[in-house]
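Colleague: Fold the following for me, if possible:
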Amino acid sequence: MVELVSLKHEIDHNPKPEDAKRIKVYVSILMSEYPIRDCRPVLAFSLPAKEFRDSFTSYRWEQLNCLEDDERLNVSLVDFARVELSRLVTYVMFFSVNYSPDCALSIHITFKSGRSQTTMKTMNEEYIHLLVDESSVMRIQEPKWNLIHV
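Modeller: The predicted structure follows:
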C-alpha cells in the first residue's frame with residue numbers, strides 16, 4: 001500500500017536566534033512520481049515550542065485546517081496527519097535525548113497521492129454506477145440445527 005502521509009523531523013542544535021525554541025512545520029503535497037517538481041511546501045508555519053509543551057495533550061494544530069479545503073486531500077488524511085504530528089512532536093520533545101528546549105525542531109509533512117484527483121473522481125463515479133448481478137450474489141442460508149435432548 002502506498003504511504004499517504006509521511007512525517008520527518010530535524011533537530012537543529014545551533015539554530016538562528018529567531019528559530020531557537022520554535023517548532024517549524026512544512027507541508028507538501030506530491031501529486032506525481034516526480035518529487036522534485038512537487039517539492040515546494042503548500043503550507044509553512046511555526047510556533048513557540050512552549051505553546052505546544054504547555055498544552056500538548058489538547059493541542060489541535062488548527063494551522064492545518066486550511067488543508068481540509070484542498071481538493072487534493074480529504075479530511076481523514078488531514079486528521080491523521082494531526083494525530084501523527086502530535087505524536088511525533090511529543091516524542092521528540094519529551095523522550096528524545098537529542099532534543100533540548102533551546103533547539104529548533106522542523107517537521108516535514110508530505111501527503112502523497114499515486115492518482116490524480118480526476119482519476120479518483122472517475123473511479124468513484126464508476127463505483128457509484130456499479131450494477132449488481134443478483135444471480136451472482138451468494139445467499140446465506142440459515143443453519144440447520146440438530147438438537148439432541150438428553
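
Colleague: tally of neighbours for Ala81?
Modeller: Neighbour count of Ala81, defined by other C-beta atoms under 10 Å: 23. Any C-beta I mention is one placed from the backbone N, CA and C, and that applies to glycine too.

Colleague: Name the nearest residue to it, ignoring sequence neighbours.
Modeller: Distances taken as C-beta to C-beta, 6 or more residues apart in numbering put Val5 closest to Ala81, at 5.1 Å, once the chain neighbours are dropped.

Colleague: how about that neighbour, what does it touch?
Modeller: By C-beta atoms under 8 Å, 6 or more residues apart in numbering, Val5 lies in contact with Leu77, Phe80, Ala81, Glu84, Ile109, Thr110, Phe111, Lys112.

Colleague: other SSEs contacting the longest helix seen in the chain?
Modeller: If you go by DSSP state H, the chain has its longest helix at helix 75-95. On a contact count with 3 or more C-beta pairs under 8 Å, 6 or more residues apart in numbering; DSSP states H and E, helix 75-95 meets strand 5-12, strand 22-30, helix 49-54, strand 104-112.

Colleague: Columns mean pLDDT on top of those, output as a markdown table?
Modeller: Converted to a markdown table, those look like this (pLDDT from 0 to 100):
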| stretch | mean pLDDT |
| --- | --- |
| strand 5-12 | 95 |
| strand 22-30 | 93 |
| helix 49-54 | 96 |
| strand 104-112 | 94 |
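
Colleague: And those: which comes nearest Phe94?
Modeller: Across the helices and strands packed on helix 75-95, Phe94 has its closest neighbour in helix 49-54 (8.3 Å, C-beta to C-beta).
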